[in-house]
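Peer 1: sequence-free structure coming up:
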C-alpha cells in the first residue's frame, strides 16, 4: 500500500479503531434493516435515533458501536464497495468491510457470520475518501493540488465548538463553569469567544447553563467578527435564520448598539426571539425584509446555499444531496446581496457569506455584484490565515473548521 493511501485517511481509520466493535454482537440481525434504510436514502440521523429508541436497554458501549456502524457505512459506502469489489454487496458485507478493512477489527467476519473476499486497496481519492464524483469536481475546482486532503478532512466528525455569550459571561468564566460540571474545553485559536469541547459526548443541554453559550463552529463565529461591528454600531442581519450570528453580533455591539434581523422563514425568527430572551440580547426582528429606507453601517448577508461546508455534520449527507438543485442558488444569492447593499450606508461595510465551497455561489456571485455596482470593492480580510484570492475561506483540512466563504464589501 503506498504512502499516499495510508496517510490520506489515517486519522479517520485511527478513530474507527477505538470503537468497541465486539459490543455489536447482540445487534447484528437488527442492524441489517437499519443499514439498508440508510443506503436507500433515509437520513442516517433519523435511522440512528429510531434504532436507539428501539434498543433502550443497550449499554453505552453497545450504543456507541451501533451508532458508529450505522454512520460509518452511511459515510464510507463508496470506499467499502471499492474495497470489496463485489457487484452488489449486502449491508452486512459493507459493515464487515468497515470493521475489517477500515477499523482493522480482527474478528469482523466471525462477529457478523460472514466470509468476505480479500480486500483491494483503491487508489482514486474519490474511492479512498468516499465522495461522489460531483463533490470531487467541486474540490478539484477549488484547489486541484489539495482536493484529496480536503476530501479526507470531510470524513472526520467536526468538533463541538461553543461561543461564550459575553452579554452574560466571559470565555474564561464559562470554561470554569463547564469544568465544574465535568466538561473540559480548550480555547479556540482564532475566534475570540470560542471554546472547543474536549470531553466525549457531553450532554450540554443538561448542564444548567442555558443562555450562557451557543453551539457555533469557530469559522461561523469569525464571520460575525469579520463584519467589524463595534459597541454602539447598528447592524442588519439580512438572512438571520434562527439567529446564531445575530446573537454574536448583539454581544459585539452591546451596550448601546442595535441588531436588526430579517428572514423569509418566520418560524426561525420566532426561535431567534426565544433565544435572544435567554441570552439577554436586544434584537429587533422585522420579518421577511427590513423597512424601506432603513440604512445600516454594517450589514451581514449570510445567504441560503448548498451547505457543502458542513458535510462533516452529517456523514451520509453527501449521498442524499441532489447537485441539480444547486442551480437556483446564485440568482437568489445575488438578489439578497443587492438587497443588503440597498440598506448599507455609503461608507458602510457588508459581509456576504456562505457555508459552501462552490465557486458559483461564492466568487462568481461577488463578480456579478461588482459588475453591477461599479463603486463597490472587495475589502481586505483581517484574518490572513483564512485568505484565499482576497476572500475569507475556511476549510476543515487547513483550519479544523467547517467550510465557509465570505467577502467584505464597501465603497
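Peer 2: Thanks, I have the structure now. The structure displayed is predicted, hence computed values, not measured ones.

Peer 1: just give me how far the helix or strand harbouring residue 276 sits from the chain centre.
Peer 2: In the assignment (DSSP states H and E), residue 276 maps to helix 266-279. Helix 266-279 sits 21 Å away from the centroid of its parent chain (Cα atoms, centre = their mean, to the nearest Å).

Peer 1: tilt between the helix or strand following it and helix 266-279?
Peer 2: Next helix or strand after helix 266-279 toward the C-terminus (DSSP H and E): strand 283-287. For strand 283-287 against helix 266-279, the angle between stretch directions is 170 degrees (axes from the mean of the first three to the mean of the last three Cα atoms, to 10 degrees).

Peer 1: now do the buried residues in strand 283-287.
Peer 2: Judged by neighbour count using 16 or more other Cβ atoms under 10 Å, the buried positions of strand 283-287 are 283, 285-286. For glycine as for every other residue, the C-beta is placed from the backbone atoms N, C-alpha and C.

Peer 1: swap in stretch 105-117?
Peer 2: 105, 108, 111-112, 114, 116.

Peer 1: name the residue closest to the centre of this structure, please.
Peer 2: The C-alpha lying nearest the average C-alpha coordinate of the chain belongs to residue 310 (Cα atoms, centre = their mean; 2.6 Å).

Peer 1: what segments of the stretch 201-350 of the chain are helices?
Peer 2: Taking DSSP state H, counting those that start in this stretch as the criterion, the stretch 201-350 of the chain carries its helices at 218-226, 244-253, 266-279, 317-320, 329-342.

Peer 1: check which helices and strands the third one sits against.
Peer 2: For helix 266-279, the elements it packs on are helix 244-253, strand 258-262, strand 283-287, judged by 3 or more Cβ pairs under 8 Å, 6 or more residues apart in numbering; DSSP states H and E.

Peer 1: which stretch among the ones you listed comes nearest residue 79?
Peer 2: Checking the helices and strands packed on helix 266-279 against residue 79 by Cβ to Cβ gives helix 244-253 as the closest, at 33.0 Å.

Peer 1: list the contacts of that closest one.
Peer 2: Contact with helix 244-253 is made by 163, 165-167, 193, 214, 216, 220-221, 223-225, 227, 229-235, 237, 240, 257, 259, 261, 272, 275-276, 279, 281-283, 300, 302, as judged by Cβ atoms under 8 Å, 6 or more residues apart in numbering.

Peer 1: also compute the angle for it relative to helix 218-226, please.
Peer 2: 40 degrees.

Peer 1: helix 244-253 vs strand 258-262, what angle?
Peer 2: 170 degrees.

Peer 1: domain ranges for this protein, per the record?
Peer 2: Domain segmentation of the chain under automatic domain parsing yields 3-130, 218-410.

Peer 1: tabulate these (CSV), appending mean pLDDT and distance to residue 199.
Peer 2: Listed next are the domains of the chain as CSV, based on pLDDT from 0 to 100; distance: least, Cβ to Cβ, whole Å:
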stretch, mean pLDDT, distance to residue 199
domain 3-130, 94, 14
domain 218-410, 95, 17
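
Peer 1: among the ones you listed, which is nearest residue 208?
Peer 2: Comparing the domains of the chain by Cβ to Cβ, domain 218-410 comes nearest, at 12.6 Å.

Peer 1: can you give me the end-to-end span of the closest one?
Peer 2: 25 Å (Cα to Cα, to the nearest Å).

Peer 1: what of stretch 17-32?
Peer 2: End-to-end for stretch 17-32, by Cα to Cα: 21 Å.

Peer 1: need the residues that contact that stretch.
Peer 2: By Cβ under 8 Å, 6+ apart, stretch 17-32 touches 51, 54-55, 58-59, 61-62, 64-66, 68-70, 90-92, 95, 99, 103-105, 107-108, 111-113.

Peer 1: now with 10 Å?
Peer 2: 34, 51, 54-55, 57-70, 72-73, 90-92, 95, 98-100, 102-108, 110-114 (Cβ atoms under 10 Å, 6 or more residues apart in numbering).

Peer 1: what about those residues, which are in helices?
Peer 2: 34, 51, 54, 60-70, 72-73, 91-92, 95, 108, 110-112 (DSSP state H).

Peer 1: whichever of the residues you listed end up buried, select them in ChimeraX.
Peer 2: To isolate the buried members of the ones in helices among the contacts of stretch 17-32 in ChimeraX, using 16+ other Cβ under 10 Å:
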select :34,51,62,63,64,65,66,67,68,69,70,72,73,91,92,95,108,111,112
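
Peer 1: before we move on, the earlier item: looking at the helices and strands packed on helix 266-279, which is nearest to residue 80?
Peer 2: So among those, helix 244-253 is nearest, using Cβ to Cβ, at 35.0 Å.

Peer 1: how near is the most far-flung residue of the chain relative to its centre to residue 77?
Peer 2: Distance from the C-alpha centroid of the chain peaks at residue 115, with 37.3 Å (Cα atoms, centre = their mean). Distance of residue 115 to residue 77, computed by Cβ to Cβ, to the nearest Å: 20 Å.

Peer 1: what do you get for residue 186?
Peer 2: Taken as Cβ to Cβ, the span from residue 186 to residue 77 is 33 Å.

Peer 1: the more surrounded of these two?
Peer 2: residue 77 (22 against 12; other Cβ atoms under 10 Å).

Peer 1: right, and residue 301 touches residue 409 too?
Peer 2: Yes: counting by Cβ atoms under 10 Å, residue 301 touches residue 409, with 9.2 Å between them.
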